[in-house]
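K.L.:
Need coordinates for the following:
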Amino acid sequence: MNTDELLAEQVSYYRARAAEYDDWWFRRDRYDYGPEWNGRWFAEVAEVEAALGRFDASGDVLELACGTGIWTRCLACTAARLTAVDASPEVIELNRARVGDAAVEYVQADIFDLRLPDRYDECFFGFWLSHVPDERFVEFWDGVGRALRPGGRVFFVDSGIDRSDRAHTRDRAEQTELRQLADGREFRIVKRYHEPTELEGRLGALGFRVSVSTTARGSMIYGVGAHG
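P.N.:
Reported below is the predicted structural model:
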């Protein structure tokens, strides 16, 4: 499967998974691993939410891969203007219902082919970078740079290397995962796990000054920084 085919399957997966995504995030049904594991997960969520609060995305904010609105609702509370982008119309509708803010502008678009008329003070993306194939890494970050005003800031959160999710089958060599929906349908997607120091170096070479941290239990990483 070539990269374009893999990315097309990835979009199809997240469209089909729209109604199930929150079960993963809130540790419900097949993602409920018990009080101890779930408690660690929600503690790390709180850690990242606190960091995002300190980031204070209060200007013109661009959210990429906005999903069902878990992060959009946080950004909408502080942003002067928020544009939320996703390739899936299904998750955009769920996002719109969750956030309930008419001031949020929603854009359905391929993030690798994004053409926005405006530039932004801040860019946020949650659990998206790990779905960017290595050969599109530079292309993606170049797009982020073009979307930001000079000195614009960035915040991202994603899966940590130490994350363990028993619902997913990983192919480390190919940097993909085989994902199965509740109805049994299977999709192969990109899933890359970044080491913080290495990621900082790669971003520095692209003109981003970013500090990447790992949450206490290692399930997540998050990056905070600026372009230029």
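
K.L.:
Tell me which helix or strand comes right after the lowest-mean-pLDDT helix or strand in the chain.
P.N.:
Least confident helix or strand of the chain, by mean pLDDT, DSSP states H and E, is strand 169-171 with a mean of 49. Per DSSP states H and E, strand 169-171 leads on to strand 176-180 as the next helix or strand towards the C-terminus.

K.L.:
So in that sheet, which strands flank the helix or strand just after that following strand, and in what orientation?
P.N.:
Counting by DSSP H and E, the element after strand 176-180 in chain order, helix or strand, is strand 186-190. In the sheet, strand 186-190 lines up against strand 176-180 (antiparallel) (DSSP bridges).

K.L.:
how about the partner strand: buried residues?
P.N.:
176-177, 179 (16 or more other Cβ atoms under 10 Å). C-betas here are computed from N, CA, C, even on glycine.

K.L.:
could I get these as JSON lines with pLDDT and distance to V190?
P.N.:
Formatted as JSON lines, the buried residues of strand 176-180 follow (pLDDT from 0 to 100; distance: Cβ to Cβ, whole Å):
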{"residue": "T176", "pLDDT": "93", "distance to V190": "6"}
{"residue": "E177", "pLDDT": "94", "distance to V190": "8"}
{"residue": "R179", "pLDDT": "95", "distance to V190": "11"}
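
K.L.:
For L52, which residues are in contact?
P.N.:
71, 74, 124, 155, 157, 222 (Cβ atoms under 8 Å, 6 or more residues apart in numbering).

K.L.:
so how far is F208 from the second one?
P.N.:
Read that as C74. Relative to F208, C74 is positioned 22 Å away (Cβ to Cβ, to the nearest Å).

K.L.:
can you check the fifth one too?
P.N.:
Plainly put, V157 is 16 Å away from F208 if you go by Cβ to Cβ.

K.L.:
again, but for the fourth one
P.N.:
As judged by Cβ to Cβ, F155 and F208 stand 12 Å apart.

K.L.:
the more surrounded of the two?
P.N.:
Shown here are F155 and F208; by other Cβ atoms under 10 Å, F155 has more neighbours (25 against 21).

K.L.:
Just checking: what are the partner strands of the host helix or strand of the more buried one?
P.N.:
Applying DSSP H and E as the criterion places F155 in strand 148-159. Strand 148-159 has its sheet partners listed here by DSSP bridges as strand 120-126 (parallel), strand 220-227 (antiparallel).

K.L.:
got the residue ranges for the helices in this protein?
P.N.:
3-16, 21-25, 35-55, 72-78, 89-99, 137-147, 196-205 (DSSP state H).

K.L.:
What mean pLDDT does the longest one get?
P.N.:
The one in question is helix 35-55. Per-residue pLDDT over helix 35-55 has a mean of 96.

K.L.:
how far is that helix from where the chain is centred?
P.N.:
15 Å (Cα atoms, centre = their mean, to the nearest Å).

K.L.:
Please identify the buried residues of that helix?
P.N.:
40-41, 44-45, 47-48, 51-52, 55.

K.L.:
now swap in the first one and tell me
P.N.:
Neighbour-count burial for helix 3-16, counted by 16+ other Cβ under 10 Å, picks out 6-7, 9-11, 13-14, 16.
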